[in-house]
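> Sequence first, predicted model second:
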Amino acid sequence: MNLTEKRILVTGGSGFLGSYVCEELQRRGMSAGLGISTFQATTRGYDLTIEADVTRMFNKVQPNVVIHCAAYCGGIGLNQAEPIKMLNQNIAMNANIVQACLGFGVEKLVAIGSVCAYPKETPVPFKESYIWDGYPEATNAPYGIAKRVLLTQCQIYREKYGLNAVYLLPANLYGPRDDFDLATAHVIPALIHRIIDARQAGDKSVTIWGDGTPTRDFLYVEDAAQAVVDAAEKYDGCEPLNIGTGEETSISNLTAQICALTGYHGFLNLDKKKPNGQLRRALDSALAKKAIGYEPKTKLADGLAKTIKWYEETNHIVRPVEVKAARVELKPVEVPPPSVSTDSIAPTEPVPVVITETIVPGDSP
């Protein structure tokens, strides 16, 4: 599909992923506004959980293509605090968007799912065919179930009405402009926020949730946005596509990298009374590579450095002059298995961050 001849609606276009999708569309020759060869990032002033608002939005934009990035989402803390809202709001907005795509004769819908939709015990690396093999991990089940419902909506509207709806399953996203509010943030922005606060305050330790052993597949948001637009141009299949890196990074290793890149050299306090979430995550993106030529470009260390730099500059935080490492080689923090119930382990038990740094001459984060 030649997107430069289409009118595109990006829901959630002022949000995290959606704003990068809009930038990628601009990079490929489209402009913001209403008209052919344009995209409209339109959700402000519209409540997507209300059918009448969605109808009003579609009436205004008259889209040929819809890229549905809007979602009510956040980290484990928000999922635990607002499970009913997490489930109901996402199901409602997704249902309204898919129905409006049908009613307004949209040529293509690109729907954004989530790695949270996969079952708790999914074998690593996750393959798209595993998505129905069990219940999602409890800490994010309401959000994961809502994203499964969106996949089902895409598939049944395709089967019954011929709606060209494609569905992507991105890994854990991160990057500049992420949500850094500790009440709602995902793991990377939350850790960056906490560690920089500790560095600035001169604190000798930082507390992280869980025991540090869970792994995640972290995908830089610009790489995700490029994959979303590529799918809009090139993919018309009914099966979901994973969009990840295939690399597992433990939370302890991630924390050590952020400590190195921010110049923080304190201790980690593992709050083992807090949930770990899903124990392992990594996506097999072979289908996306075949279908749209997907290949993530940004290494985790580089993406973290860009994200940290943005956070410090946005919040006017002075960066320590001694932080010069462009590449960081790390030994994971070793967390021995508890010999007693995690409920009886003091959350303030310090675990040192073990770091070795390799300085690349002429390069800096």
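Right, received. Where do you want to start?
> Which residue comes closest to residue 76 once chain neighbours are left out?
Leaving aside its sequence neighbours, residue 76 sits nearest to residue 139 (CB to CB, 6 or more residues apart in numbering; 4.9 Å). Every residue, glycine included, has its C-beta placed from N, CA and C.
> brain fart, residue 179
For residue 179, the closest residue by CB to CB, 6+ apart turns out to be residue 185, at 5.1 Å.
> now do residue 112
Per CB to CB, 6+ apart, closest to residue 112 is residue 69, 5.2 Å.
> Extract the CA atoms of stretch 262-279 and return them as CSV.
What follows is stretch 262-279 as a C-alpha-only set of coordinates in CSV (Å, rounded to 0.1, in the frame of the first residue of the first chain):
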residue,chain,number,x,y,z
THR,A,262,24.1,7.6,34.8
GLY,A,263,27.3,7.4,36.9
TYR,A,264,25.5,6.0,39.9
HIS,A,265,27.7,3.6,42.0
GLY,A,266,25.5,2.7,45.0
PHE,A,267,23.8,-0.5,46.0
LEU,A,268,20.6,-2.2,44.9
ASN,A,269,18.0,-3.0,47.5
LEU,A,270,15.8,-5.9,46.2
ASP,A,271,12.3,-5.5,47.5
LYS,A,272,11.3,-9.2,47.2
LYS,A,273,7.8,-8.5,48.6
LYS,A,274,7.0,-6.7,45.3
PRO,A,275,6.0,-8.8,42.3
ASN,A,276,8.4,-10.0,39.7
GLY,A,277,5.9,-10.1,36.9
GLN,A,278,6.4,-12.7,34.1
LEU,A,279,9.7,-14.5,34.7
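> and the residue most central in space within the chain, what element?
Nearest to the mean C-alpha position of the chain, by CA atoms, centre = their mean, lies residue 173 at 2.7 Å. Assigned by DSSP states H and E, residue 173 belongs to strand 172-174.
> Please identify the pairing partners of that strand and their relative orientation?
Paired strands of strand 172-174, with direction, are strand 218-220 (parallel) (DSSP bridges).
> Strands of the stretch 201-350 of the chain, start to end?
205-209, 215-216, 218-220, 241-243, 249-250, 267-271, 327-330, 350-352 (DSSP state E, counting those that start in this stretch).
> Tell me which of those strands is the most buried.
strand 241-243 (a mean of 27; mean count of other CB atoms under 10 Å).
> Which residues are in contact with residue 18?
10-12, 41, 67, 69-70 (CB atoms under 8 Å, 6 or more residues apart in numbering).
> which residues touch residue 93?
Residue 93 is in contact with 48-49, 54, 70-72, counting by CB under 8 Å, 6+ apart.
> from these, which is closest to residue 289?
residue 71 (25.2 Å; CB to CB).
> List phi and psi for the closest one.
Backbone torsions for residue 71, taken as degrees, to the nearest 10, come to phi -160, psi 150.
> Name the nearest residue to it, ignoring sequence neighbours.
residue 90 (5.9 Å).
> quick check, the one you found in a helix?
Yes - checked against DSSP: H, G, I helix; E, B strand; the rest coil, residue 90 lies within a helix.
> Which pLDDT value belongs to residue 298?
With respect to pLDDT, residue 298 scores 98.
> quick one: it from residue 175, how far?
Here residue 298 is placed at a distance of 9 Å from residue 175 (CB to CB, to the nearest Å).
> show me where pLDDT drops low in this structure?
Scanning the chain for pLDDT under 70 picks out 33-44, 319-365.
> for the residue nearest to residue 179, helix, strand, or coil?
coil.
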